[in-house]
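A.B. asks: just to be clear, the model below is a prediction. Sequence and coordinates:
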Amino acid sequence: MTIAALLQDCSDAIWISERVFVQIFNNLPGGVPLTVHCKSKDDDLGFQEIPTNGMWEFRFKGNFWGTTLFFCSFKWSDQFHYYDIYVEKRDFYRCRTLCQWCVQPTGPCLQKTLRDNWNS
């Protein structure tokens, strides 16, 4: 392993042990509230109701192995969807310690630029 690769591994290990903030914004049209229920393998964050143009956030400490996963259900009006809101292997380099998701009818949008599709 080169010194540069070793330094990168050390830098990544430091970031992985940092607190990660996940923010979920309700960008649904028509003034409808958004009900969110997020979980990981170990934690159930309960049901949260996010008002129109509102935001809810949770935080956690990333693990050294990069295996953290939080998944959420999203309900509004007659819609119900699932999405893996934080996948450490996917999001570590996309948003590091602050992942901001805007929920729209077509799917979640990371940092107002990267739109994903619902898992369901």
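C.D. replies: Cool, got the structure.
A.B. asks: so what's residue 61 closest to, chain neighbours aside?
C.D. replies: Excluding its sequence neighbours, the residue lying closest to residue 61 (Cβ to Cβ, 6 or more residues apart in numbering) is residue 19, at 5.6 Å. For glycine as for every other residue, the C-beta is placed from the backbone atoms N, C-alpha and C.
A.B. asks: that neighbour: neighbour count?
C.D. replies: Residue 19 is flanked by 10 other residues according to other Cβ atoms under 10 Å.
A.B. asks: check contacts around it.
C.D. replies: 59-62, 97 (Cβ atoms under 8 Å, 6 or more residues apart in numbering).
A.B. asks: same question for residue 36.
C.D. replies: 24, 47-50, 56, 72-75, 103.
A.B. asks: now the two most distant members of those residues.
C.D. replies: 47 and 103 (14.9 Å; Cβ to Cβ).
A.B. asks: what's across from residue 25 in the sheet?
C.D. replies: Beta bridges link residue 25 to residue 55, residue 102 when assigned by DSSP bridges.
A.B. asks: got the confidence number for it?
C.D. replies: Looking at residue 25, its pLDDT is 98.
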